[in-house]
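Peer 1: Predicted structure and sequence below. I'll ask about it afterward.
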Amino acid sequence: MTIRFKNHRQDTFYQKLQQEVNLALQTDDYLAKAKRLLWLKLAFYSLIFCGSYVFLLHHPTQSFFSLLINYIILGWSGILLAFNAAHDAAHGTFSRQRWVNQLIYHLTFNLQGVNAYLWKIRHISSHHLFPNVDGCDADIDDNFLIKLSPSKPPLRFHRYQHLYATILYLFYTLHWILIKDFIYLFKKDLANLKDQRHSIGQILALLGWKIFYFSYMLGLPIVVGYSASQIFVVFVIMHFVISLFFVWTLIISHLTMETQFHLADDHGVLPYDYATHQLTVSLDYHPTSPLANWIFGGFNSHAAHHLFPNLPHTTYVRVSQIIKTVTTKYNYPYNELPIGQAIVSHYRFLKTIGQA
């Protein structure tokens, strides 16, 4: 059955919103400035990432604590590089030249050990089409240990998921690098993605990037003089830290008490039109803060991202303000919380649907 949004032909909300955003982007050459800022952020986070790695290789006698901080900075800057560059490049916002976006995306994303090719398929061809819709959103499907959708049948241990979720979150990036990518590589059906097939070239590229990641993150530091045990320990701790940062700043965008999960009727029609659906399934935190935008790369402005995915995230401070104004005028839903409250809301969400 084909899933589709309800058609609100007489509703002028989305049209008005697009008009206001287009006008704002043309004012004071705002869009051009936002694109320049995007390149500046790419350079900024690349400099921190590369600088921390160069420091690592040139100071093999540093203390364990210093080495741990070095690795955490390296891993954290890599995550922020993915937030602020790879994600935008996946949506083609850096350049009109497709190869430029592809180069930035694959380089900055694969350097973090996770496969860019497989993630883009799930993100663009599944999650962005129908977020928070069972069977259509790969981000909430196919999860055994944690129930992420209210309509999924619960298992007995899900009633405790709000208690053990944080322990699982610690292993998120390691699981993605070592296990998840390979599951998705050989899984033919996932949510709305059916009969998936990947070329030999893509399989070899995945293996090549994995080898490269572990070579530069583990192998080369040992070669220059660090002990293998120290490198392994700080590598694992680094992943614990960046996993919690990654999960806590992303999962609250769709999985909280405030966000909704919609089911299609017998004809495959969802209860809302496209724009209203995106608003009801998304939650923003500090969406109009330039500092939050600089750090989180627009993931904190998730309504803006889902409504305008082809705009640079550096426009979302202004776009989010417009969304808040227009939704208020039209009495449309809009979800926003401070980040701390959003994280608490996520755990309440886990408890609620786990015990339902």
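Peer 2: Looks like it arrived, so ask away.
Peer 1: When you work out contacts or count neighbours from here on, use the C-alpha atoms and nothing else.
Peer 2: Will do.
Peer 1: what residues are up against Ile72?
Peer 2: Listed by CA atoms under 8 Å, 6 or more residues apart in numbering, the contact set of Ile72 reads Met238, Val241, Ile242.
Peer 1: same thing but 10 Å
Peer 2: Ser52, Ser66, Gly78, Val234, Phe235, Ile237, Met238, His239, Phe240, Val241, Ile242 (CA atoms under 10 Å, 6 or more residues apart in numbering).
Peer 1: how near is it to Ile242?
Peer 2: For Ile72, the distance to Ile242 (CA to CA, to the nearest Å) stands at 8 Å.
Peer 1: repeat for Leu279
Peer 2: From Leu279 to Ile242 the distance is 28 Å (CA to CA).
Peer 1: Also Phe214?
Peer 2: For Phe214, the distance to Ile242 - CA to CA - is 17 Å.
Peer 1: which one of those two has more residues nearby?
Peer 2: Ile242 (25 against 13; other CA atoms under 10 Å).
Peer 1: Name the residues of whichever helix or strand the more buried one is part of that are buried.
Peer 2: Using DSSP states H and E, Ile242 sits within helix 228-250. Burial within helix 228-250, assessed by neighbour count using 16 or more other CA atoms under 10 Å, is assigned to 231, 234-235, 237-244, 246-250.
Peer 1: what packs against it?
Peer 2: The helices and strands touching helix 228-250, judged by 3 or more CA pairs under 10 Å, 6 or more residues apart in numbering; DSSP states H and E, are helix 64-81, helix 161-170, helix 172-175, helix 220-223, helix 290-296, helix 339-355.
Peer 1: If we use 7 Å, what do you get?
Peer 2: In terms of contacts (3 or more CA pairs under 7 Å, 6 or more residues apart in numbering; DSSP states H and E), helix 228-250 is packed against helix 64-81, helix 161-170, helix 172-175.
Peer 1: in the chain, what spans have low per-residue confidence?
Peer 2: Within the chain, the ranges that satisfy pLDDT under 70 run 1, 9-10, 142.
Peer 1: and the longest helix for it?
Peer 2: Criterion DSSP state H: the longest helix present in the chain is helix 30-58.
Peer 1: May I see the buried residues of it?
Peer 2: 30-31, 34-35, 37-38, 41-42, 45-46, 48-49, 52-53, 56-57.
Peer 1: so how far is that helix off the chain centroid?
Peer 2: Distance of helix 30-58 from the chain centroid (CA atoms, centre = their mean, to the nearest Å) equals 19 Å.
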